[in-house]
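# have a look; sequence and predicted model below, questions after that.
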Amino acid sequence: MKIDEIAKQLKGKRKSISDLARFVRTQTDHNPNYTLLLGAGCSITSDINSATDLTREWRNELCETITDIEKQRAYLKQEHSDWYDPAREYASLFEKKYDLQRQRRMFVEKEVSGKTPSLGYAYLTALVNQNYFNTIFTTNFDDLINEAFYLYSDQRPIVCAHDSSINSITVTSKRPKVIKLHGDYLFDDLKATTRETESLEQNMKRKFSEFSKDYGLIVIGYSGGDRSIMDTLTSLLKSDEYFKSGIYWCIRKDSEVSEELRKLLWKEKVYFVEIEGFDELFAELYHTINKGEALPFSTISVSRRPTEIVRRLLLM
């Protein structure tokens, strides 16, 4: 389902980026009131293939002569129902292409190796420096967020990619926190398949719930494609104790809205924001919150990425 159809069904749920900037800027004692959840869509302009791109590539390889997407899905569902799950397409195809966890880790490492954070990450770290955000959850395996802090910021975040170490992270810590919900490409225990993403590790889930008591949530670049996070969100939304500042789900104009996400958007305290992309969103948030102020970061960093997105954003 496209976002225009969702907008017709849920007119009161639509919020603008200006609305989002206002909510982020409204703080008590200059403390952040939102955490971030970043998905694979945030890495596209850093030249990392999205889950959608990889899914399309793998589906084409398996279907060979069939080119229509819906016919491909129907074929896979009919001929390979033992492993193919259209609701978890990326995860089921990933496991089919790479049987073993070590193989999947090596594939991910090859995909993310040598990539440089796009300009959106510069705006994001600048907002972290201004204490508008402090905690970043991510489903991504890449190291772009941590790398962005080294490129664009003097702060060094706490990075947690293991369930066994998550308990050391506290809600009250002022140091930026990056929490990798599905692991890191450097380790074999990353979670990518349907079975592996059925549920969050217990400590990860507990810590995510803990942050959800004190913060709202802004979701960018994540389609809601695995049960571990969607089930956790659905469960927490049943209580008034969680997400008191709401959940704001940022959706690209040209993207498909999954059935799981559509159901979530019907719930109280959940809204959607239409965006052009990750870079554009954080550029606009920064400029709106800072009333048009220029981003203070090295022009050397910009010159390393002579892309159309950089040129376009610098003219904003």
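Happy to help now that I have it.

# just the buried residues of stretch 283-291, please?
Using 16 or more other C-beta atoms under 10 Å as the test for burial, stretch 283-291 gives 283-290. The C-beta positions use only the backbone N, C-alpha and C, and glycine is treated the same way.

# tell me which of these fall in helices.
283-289 (DSSP state H).

# which pLDDT value goes with the residue nearest to Pro157 when sequence neighbours are not counted?
Excluding the flanking residues, the one nearest Pro157 by C-beta to C-beta, 6 or more residues apart in numbering is Pro176, at 3.9 Å. Per-residue confidence (pLDDT) for Pro176: 91.

# now do Pro176: how many residues are near it, please.
Look at Pro176: counted by other C-beta atoms under 10 Å, it has 22 neighbours.

# check Asp142 too.
23.

# so it, which state does it fall into?
coil (DSSP: H, G, I helix; E, B strand; the rest coil).

# ok, the ones in helices among the buried residues of stretch 283-291 vs Phe243, which is closest?
Nearest to Phe243 out of these is Leu285 (C-beta to C-beta; 19.5 Å).

# contacting residues for the closest one?
17, 20-21, 24, 123, 127 (C-beta atoms under 8 Å, 6 or more residues apart in numbering).

# distance check, it against Thr172.
To Thr172, Leu285 is 25 Å away according to C-beta to C-beta, to the nearest Å.

# returning to what we had before: a markdown table please, covering the ones in helices among the buried residues of stretch 283-291 and showing distance to Arg206 and pLDDT.
Formatted as a markdown table, those follow (distance: C-beta to C-beta, whole Å; pLDDT from 0 to 100):
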| residue | distance to Arg206 | pLDDT |
| --- | --- | --- |
| Ala283 | 35 | 93 |
| Glu284 | 34 | 95 |
| Leu285 | 30 | 96 |
| Tyr286 | 32 | 95 |
| His287 | 37 | 94 |
| Thr288 | 34 | 95 |
| Ile289 | 31 | 95 |
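
# how about a markdown table for those, with distance to Asp231 added?
Supplementary listing: those in a markdown table, determined by distance: C-beta to C-beta, whole Å:
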| residue | distance to Asp231 |
| --- | --- |
| Ala283 | 33 |
| Glu284 | 32 |
| Leu285 | 29 |
| Tyr286 | 33 |
| His287 | 36 |
| Thr288 | 33 |
| Ile289 | 33 |
